[in-house]
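1. model this:
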Amino acid sequence: MKTEMKIGDYVKMIGPAIVMAAVVVGPGTVTTASSMGSKYGYSLIWAAIVSSICGLLFQVPAVSLTLKRGVTIMEAIRMYYGKNLARVLFFLIYICVCISQSANFIGAAMALNYFVPSISLTVWAASMAGVALIMVLFYDYRLLEKFTEVLVLIMVGAFLITMVGSHPSLSAIASEGFSFRIPDGDYMLVLALLSTTMIYDLPISLSSLHKEKYLKPSSPYSKYPEDVKLKTARIDLVVGSSVSCLLTVTIMICSAVNLHPLGIQITNAADMAKQLTPIMGSYAGILFSLGLWGAAFSSGMFRMELLPMFIGQMEDREYTKKDPVVRACILGVAVIPVLFIFLFGSSPAQMVIVSQAITGLLLPITCCVVWKITGDRKFMGDAVNGTWFKVIFGIICILTLLLAGRTFSKWI
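-> Numbers count the residues shown, from 1 in each chain. As a prediction, the model looks like this:
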């Protein structure tokens, strides 16, 4: 068994949390952070940082449960509560996936509509859903995935350069950005932000990726000692969460500096691209739209790719993309979102934000289920959460419940 680890070995082993960070930085994060900055300036920077910390803590149990107990969170739910509750949770997650997929496909549509505005958003969204469906079911799309990652990195670089070049006021960021207030009582926007960093199924997805990478017998990393896997997974988690937090705050600052003073409100990709104009000039729209498309399209495909894992863990058997039930589920998360876009996509940027807020209503349920299972010593053994972490995680559960309740009360 290999025990001597070099830095290069750790670098090769990281990945699952970085993948989830890439999913976090999708059209929902970009649109929500841009809207926050354009509407409220620096006022909600604190919310982005708190959300990222909560997102980090939200994923911690997935590391211990999977690498110490040897099961994913969905498997643990099946074992702890039984198949019926696991199926109920999967059904709720599936509904949320359909809703969040509408944000992914409308995000990709907004990006392409920037280049060819004569084609409607609904047609673009339907086209992207169809291409994603074909790629996931019938092709090895890893090359395309790498290409989209490059586009996202270009967009990230453009935001970072613009933030530095825009010379934001550090004193204003310190005084306004950490006021810990919610301007205009905009709880929906804050819930939308929280649900982009604390995605409703984030620990469930992460635990699935951990099992694939670190525990699957065919994986070259399965032979490493448990302590090495745990250390690597924790480093991976901190790095991934830090990167997503940095990007969210960067987008918010760019929007606060370049859009808020002009009173520009976010309605489409062209509006969001304006925050890059002071530094990127005429290339702002191109760079932003390419990056937005890459983030949205790759997130859409990733959501489809996870379904066979979830279904298999729920039913305690192996499923592949060739199984009829899996194909039907994947088809659903391609078709249903397009119907949502057709019915409610007249204001695309607002639809993305509302979609994120709606999926955030599942957060309290996921939080409470994970908190209960990972805090049960009889089930977890030595991997059980410590007392202080139980308290902290419990507080996060209460916060998500209060925020979801406050948002829902405003809708009824």
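
2. ok, and what's touching the one helix or strand Ser409 maps to?
-> For Ser409, the host element (DSSP states H and E) is helix 387-411. By CB atoms under 8 Å, 6 or more residues apart in numbering, the surrounding residues in contact with helix 387-411 are 54, 57-58, 60-61, 187-188, 190-191, 194, 198, 357, 360-361, 363-364, 367-368, 370-371, 374-375, 385. C-beta: built from backbone N, CA, C; applies to glycine.

3. what do you get if the cut-off is 7 Å, keeping everything else the same?
-> 54, 57-58, 187-188, 190-191, 194, 357, 360-361, 363-364, 367-368, 371, 375, 385 (CB atoms under 7 Å, 6 or more residues apart in numbering).

4. quick one: low-confidence parts of the stretch 1-150 of the chain?
-> Residues of the stretch 1-150 of the chain that meet the criterion pLDDT under 70 lie in 1-24, 140-149.

5. any idea where the strands of it begin and end?
-> Assigned strands in the stretch 1-150 of the chain: none (criterion: DSSP state E, counting those that start in this stretch).

6. before we move on, what about the stretch 251-400 of the chain?
-> Going by DSSP E, counting those that start in this stretch, the stretch 251-400 of the chain shows no strands.

7. Now go through the contacts of helix 387-411 and say which are in helices.
-> 54, 57-58, 187-188, 190-191, 194, 357, 363-364, 367-368, 371 (DSSP state H).

8. Val325 and Ala349, how far apart?
-> 35 Å (CB to CB, to the nearest Å).

9. more crowded one of those two?
-> A direct count of neighbours by other CB atoms under 10 Å for Val325 and Ala349 places Ala349 higher, at 22 against 12.

10. Confirm for me that the more buried one is in contact with Asn268.
-> Yes - assessed by CB atoms under 7 Å, Ala349 is found in contact with Asn268 at 6.0 Å.

11. Which stretches in the stretch 151-300 of the chain count as helices?
-> Counting by DSSP state H, counting those that start in this stretch, the stretch 151-300 of the chain has helices at residues 170-176, 187-197, 202-210, 226-258, 269-273, 277-280, 284-315.

12. So which bits of the longest one are buried?
-> So the one you mean is helix 226-258. Buried residues in helix 226-258, counted by 16 or more other CB atoms under 10 Å: 228-230, 232-233, 236-237, 240-241, 243-258.

13. Just the CA atoms of stretch 256-269, as PDB, please.
-> Taking Å, rounded to 0.1, in the frame of the first residue of the first chain, the C-alpha atoms of stretch 256-269 are listed here in PDB:
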ATOM      1  CA  ALA A 256     -21.300  47.200  -7.800                       C
ATOM      2  CA  VAL A 257     -18.600  49.400  -9.300                       C
ATOM      3  CA  ASN A 258     -19.600  49.500 -12.900                       C
ATOM      4  CA  LEU A 259     -23.400  49.000 -12.900                       C
ATOM      5  CA  HIS A 260     -24.800  50.200  -9.600                       C
ATOM      6  CA  PRO A 261     -23.800  53.900 -10.000                       C
ATOM      7  CA  LEU A 262     -25.500  53.900 -13.500                       C
ATOM      8  CA  GLY A 263     -28.700  52.300 -12.200                       C
ATOM      9  CA  ILE A 264     -28.500  49.400 -14.600                       C
ATOM     10  CA  GLN A 265     -30.700  46.500 -13.700                       C
ATOM     11  CA  ILE A 266     -29.900  43.000 -14.900                       C
ATOM     12  CA  THR A 267     -32.400  41.600 -17.500                       C
ATOM     13  CA  ASN A 268     -30.100  39.700 -19.900                       C
ATOM     14  CA  ALA A 269     -26.600  38.700 -20.800                       C
END
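
14. pLDDT on that stretch, on average?
-> The average pLDDT within stretch 256-269 is 91.

15. Please state the offset of it from the chain centre?
-> Centroid separation for stretch 256-269 versus its chain: 24 Å, with CA atoms, centre = their mean, to the nearest Å.
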